[in-house]
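Turn this into a structure:
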Amino acid sequence: MAESTLEVPVERSHDFLSLTTKPILKRRRPGQLAAVVVVLFAMVYGVWTLFTNPGFGWPTVGKYLFDKRILGGLLVTLELTVIAMVIGFVVGLVVAVMRMSDNWLLRAVSGAYIWFFRGTPLLVQLLFWGFAAVLFPKIGLGIPWGPTFIEWNTNDVISLFAAAILGLGLNEGAYMAEIVRAGLLSVPAGQSEASRAMGFSRLNTLRHVVIPQAMKVIIPPVGNEVISMLKTTSLVIVIGVGDLLYNTQQIYAQNLKQIPLLIVASLWYILLTTILTMGQSRLEKKYSKGNALLLGKAQR
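Numbers count the residues shown, from 1 in each chain. Model prediction:
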């Protein structure tokens, strides 16, 4: 019986190779093209409106962008942001440790603190601190329900700036407490057990073992809180603190150039937010590399 052989024509094989080497045609998507046209048109129209609408008042914006009152308010805004974040971080660290304590009373107190300051609007808290003298006209040291040894006028002790700091810092402490607690819980329990087995006390374990490792989880979200705090400081306008927005309001109350002055304030907020966002991105990259190195060592 003759063996059958399969012969492939040379011409056909060349045709198959030519088909495989042809470029792949991309699928046409008219919807995407239409969307691009609409977006480009909106951008062009928006830019054209910015430069042709006289209501924006760009000459006024340039005039007041570096005005000494604007720069003075900007300095107050930065001071409020830094001081309030420091207070918030310290309070948050203490409250988070109390929240994780074995003592039920400490847990209850910290839980009540977080519940209250997260449950009431920050604007209301600022107003309470601003009107603290209504509730307590005098602040003193002495024996409860007994004689008072020394006392001060509440308005002298809690100025408007101090009221703003207390309102912002204590409110931030409630949110920072949850961020810090999440960071502390991210550290494996074996780390604490090993340090205790080596003779470390609870405080030393927390200080030298747990907190340094938890900072890798804590610091990146703190960047978000700083950016948020920078803009939240504008709420102190309700108690008359001379921050960036307050000084802006004082200027346009005189010249009635509301929109140009609000643009001035917005430009400064955007600039500071951009700088803080860049710093946050660098921190996140730094700590993500550190976590990747630790994971690689652990897998080895």
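
quick one: low-confidence parts of the stretch 201-300 of the chain?
Where the stretch 201-300 of the chain drops to pLDDT under 70, the residues are 287-300.

Identify each of the helices in it and give its residue range.
Here the stretch 201-300 of the chain has its helices, by DSSP state H, counting those that start in this stretch, at 202-205, 211-232, 244-255, 258-299.

do the stretch 51-200 of the chain as well
58-64, 68-99, 104-119, 122-130, 132-135, 154-157, 160-185, 189-197.

Could you report the neighbour count for the closest residue to residue 84 other than its chain neighbours?
Excluding the flanking residues, the one nearest residue 84 by C-beta to C-beta, 6 or more residues apart in numbering is residue 168, at 3.7 Å. The way it works is simple: take the backbone N, C-alpha and C, and place the C-beta from them, glycine included. Residues within reach of residue 168, counting by other C-beta atoms under 10 Å, total 26.

Next one: residue 168, what pLDDT does it get?
At residue 168, the model reports a pLDDT of 96.

Just to check, it is in contact with residue 79?
No: here residue 168 lies out of contact with residue 79, judged by C-beta atoms under 8 Å, at a distance of 11.0 Å.

So the residue nearest to residue 84 versus residue 190, what's the distance?
38 Å (C-beta to C-beta, to the nearest Å).

likewise residue 215?
19 Å.

ok, residue 148 - contacts?
Listed by C-beta atoms under 8 Å, 6 or more residues apart in numbering, the contact set of residue 148 reads 140-142.

Okay, now the unreliable bits of the stretch 1-150 of the chain?
In the stretch 1-150 of the chain (pLDDT under 70), the answer is 1-28.

Give me the neighbour count for residue 53.
Every residue meeting other C-beta under 10 Å relative to residue 53 is counted, giving 11.

Going forward, the N-terminal residue is numbered 6.
Right, with 6 as the first residue, what we last looked at is residue 58.

Which phi and psi values does it adopt?
phi -80, psi 120 (degrees, to the nearest 10).

number of nearby residues for the nearest residue to residue 127 once chain neighbours are set aside?
Nearest residue to residue 127 in three dimensions, chain neighbours excluded: residue 176, at 5.0 Å (C-beta to C-beta, 6+ apart). Neighbouring residues of residue 176 were enumerated by other C-beta under 10 Å; the total is 24.

which ones are touching residue 176?
93, 122, 127, 130.

Let's see that with 10 Å instead.
89, 92-93, 96, 121-123, 125-127, 130-131, 234, 237 (C-beta atoms under 10 Å, 6 or more residues apart in numbering).

Show the pLDDT at it.
Confidence score, pLDDT, at residue 176: 96.

returning to that earlier point: of residue 220 and residue 195, which one has the most company?
residue 220 (14 against 8).

From residue 127, how far off is the more buried one?
Taken as C-beta to C-beta, the span from residue 220 to residue 127 is 26 Å.

Residue 49 too?
With C-beta to C-beta as the criterion, residue 49 and residue 127 are 40 Å apart.

ok, the two, which is more surrounded?
It is residue 127, of residue 49 and residue 127, that has more neighbours when counted by other C-beta under 10 Å, with 17 against 10.

my read: the more buried one touches residue 171, true?
No: counting by C-beta atoms under 10 Å, residue 127 does not reach residue 171; the two are 11.6 Å apart.
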